[in-house]
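Colleague: coordinates only, sequence not included:
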C-alpha cells in the first residue's frame with residue numbers, strides 16, 4: 001500500500017517549488033523588522049476573535065445558470081479570475097430542506113466530487129460542490145496547479161484559506177435563501193480543513209463529514225508527501241514551530257474548543273496508511289474530539305491518501321459519507 005501511495009504521489013510532474021515569502025501585504029500588514037512575529041501576532045489575534053476573522057458581507061449577486069451557481073467573493077484577491085465563486089448544484093426532489101455543501105481536495109479537477117453529489121442527490125439530499133479559491137475556473141492563467149492556495153508564501157496561504165471559508169459561508173447563504181434549513185458540510189483533505197473552519201464560524205451547520213483530518217495546517221505541509229516541493233523552500237527560512245504559530249489561524253486545532261455545546265454531528269475519516277495526513281496527526285483529532293466530548297463517529301480507511309480515490313476505497317469512502325449524512329439530516 002505504501003509503495004502504491006508513493007507511486008501515485010509522484011504522478012504529477014507540474015509541481016513548482018516557488019520562492020519563500022512572508023506575504024505580509026496579503027494580511028494588510030506593513031513591512032516589519034520581524035516578519036515572523038508580525039504574522040504570529042496577526043494569527044493569535046485572528047483566533048481570539050475568530051468570528052470576526054471569518055466575518056463577511058453577504059453576497060448580493062447570486063446567479064444560477066442551469067446547474068452552475070456564481071457570485072462575487074466577499075474576499076478580494078489581486079487575481080480577477082479568483083474573485084468569482086463557482087459552484088455546481090445538484091437539486092434533489094423532495095429534499096425536505098436538506099442540503100450538503102461539498103468541498104473537494106487541493107488541486108481537484110472540475111469533475112471532482114460530482115459523483116458524491118449525485119449519490120447524495122439520489123438519496124434525496126441536494127448538494128452544492130464549491131470550487132475553492134484558485135481552483136477550476138478561478139485559476140489565474142499563469143498557473144497549472146492551485147499553487148496560490150497552499151504555498152511557501154505564508155500570508156497568501158492564510159488569505160486564500162480565509163477566502164475559501166468565507167466563500168463556503170456565502171454558499172450557505174444561497175442555500176438558505178432557497179429554503180434549505182437542514183444544512184451539512186463535507187470536505188476532503190484541504191477541503192476538510194476548510195470545512196472545519198467553516199463549521200467553527202457558522203452555527204447553521206448541523207452535520208459535517210471531514211474526509212481526512214489533521215490538527216494543524218502546518219504539520220501537513222511540513223511532513224506530507226503532497227507538499228515536498230513546498231517544504232523545499234520553507235526550510236532555511238522558517239522552522240516548523242514558527243510555521244505552526246503563523247498558520248494557527250487556519251488550523252483546526254485552534255477552533256475545536258468552539259465546537260463544544262453545539263448540536264453538531266461529525267464524521268471523522270482517516271486513512272491508516274496516509275503519507276499526506278500522517279496517521280499520528282489524524283489520531284490527534286480523534287483524541288481531541290473524545291476529550292472535548294464532541295459528538296462524532298469514526299471511519300477508518302485501510303488505504304492511504306491518494307489511494308482513497310481508487311477502487312474499492314473510493315466506494316467505501318463515498319458510501320460512508322453519504323450514509324452518515326443521510327442518517328443525520
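Modeller: Now that the structure is in, tell me what you want to look at. The model shown is predicted, which means the values in this text are computed figures rather than measured ones.
Colleague: you'd agree residue 207 is in a strand?
Modeller: Yes. Under DSSP: H, G, I helix; E, B strand; the rest coil, residue 207 falls within a strand.
Colleague: what packs against the helix or strand bottoming out on mean pLDDT in the chain?
Modeller: With mean pLDDT, DSSP states H and E as the measure, the helix or strand of the chain carrying the lowest mean pLDDT is helix 50-53 (a mean of 84). Taking 3 or more C-beta pairs under 8 Å, 6 or more residues apart in numbering; DSSP states H and E as contact, the helices and strands that helix 50-53 lies on are helix 190-201. C-beta: built from backbone N, CA, C; applies to glycine.
Colleague: could you give me the average pLDDT of the helix it packs on?
Modeller: Model confidence over helix 190-201, given as mean pLDDT, is 98.
Colleague: burial of residue 166, as a residue count?
Modeller: 24 (other C-beta atoms under 10 Å).
Colleague: ok, now residue 53?
Modeller: So residue 53, with other C-beta under 10 Å, has 20 neighbours.
Colleague: what's the answer for the one 10 residues further on, then?
Modeller: When counting by other C-beta under 10 Å, one arrives at 9 neighbours for residue 63.
Colleague: same question, residue 216
Modeller: Applying other C-beta under 10 Å, I find that residue 216 has 22 neighbouring residues.
Colleague: hmm, it is touching residue 280, no?
Modeller: No. Residue 216 lies out of contact with residue 280 (C-beta atoms under 8 Å); the separation is 11.6 Å.
Colleague: returning to what we had before: avg pLDDT for the following helix or strand past the least confident helix or strand of the chain?
Modeller: Downstream of helix 50-53, the next assigned helix or strand under DSSP states H and E is strand 63-65. Strand 63-65 comes out with an average pLDDT of 98.
Colleague: give me the sheet partners of strand 63-65 and which way each runs.
Modeller: strand 68-72 (antiparallel) (DSSP bridges).
Colleague: quick check: mean pLDDT across the helix ranked longest in the chain?
Modeller: Counting by DSSP state H, the longest helix found in the chain is helix 154-177. Averaged over helix 154-177, pLDDT sits at 98.
Colleague: got the angle between it and helix 190-201?
Modeller: 70 degrees (axes from the mean of the first three to the mean of the last three C-alpha atoms, to 10 degrees).
Colleague: elements contacting helix 154-177?
Modeller: Counting by 3+ C-beta pairs under 8 Å, 6+ apart, helix 154-177 packs on helix 35-48, strand 68-72, strand 84-90, strand 98-103, strand 126-130, strand 182-188, helix 190-201, helix 240-246.
Colleague: ok, residues contacting the longest one?
Modeller: Outside helix 35-48, the residues that touch it by C-beta atoms under 8 Å, 6 or more residues apart in numbering are 22, 24, 27, 29, 32, 53, 154-155, 158, 238, 242, 245-249, 254-255.
Colleague: just the buried residues of it, please?
Modeller: Using 16 or more other C-beta atoms under 10 Å as the test for burial, helix 35-48 gives 35, 36, 38, 39, 40, 42, 43, 46, 47.
Colleague: next one: the third one
Modeller: Buried residues in strand 84-90, defined by neighbour count with 16+ other C-beta under 10 Å: 85, 86, 87, 88, 89, 90.
Colleague: Serialize those residues to JSON lines and add fields for pLDDT and distance to residue 208.
Modeller: Formatted as JSON lines, these follow (pLDDT from 0 to 100; distance: C-beta to C-beta, whole Å):
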{"residue": "85", "pLDDT": "98", "distance to residue 208": "20"}
{"residue": "86", "pLDDT": "98", "distance to residue 208": "22"}
{"residue": "87", "pLDDT": "98", "distance to residue 208": "18"}
{"residue": "88", "pLDDT": "98", "distance to residue 208": "20"}
{"residue": "89", "pLDDT": "98", "distance to residue 208": "20"}
{"residue": "90", "pLDDT": "98", "distance to residue 208": "19"}
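Colleague: low-confidence stretches in the protein?
Modeller: For the chain, no stretch has pLDDT under 70.
Colleague: let's go with 90 and repeat that
Modeller: The chain contains residues with pLDDT under 90 at 10-14, 16-17, 32, 49-52.
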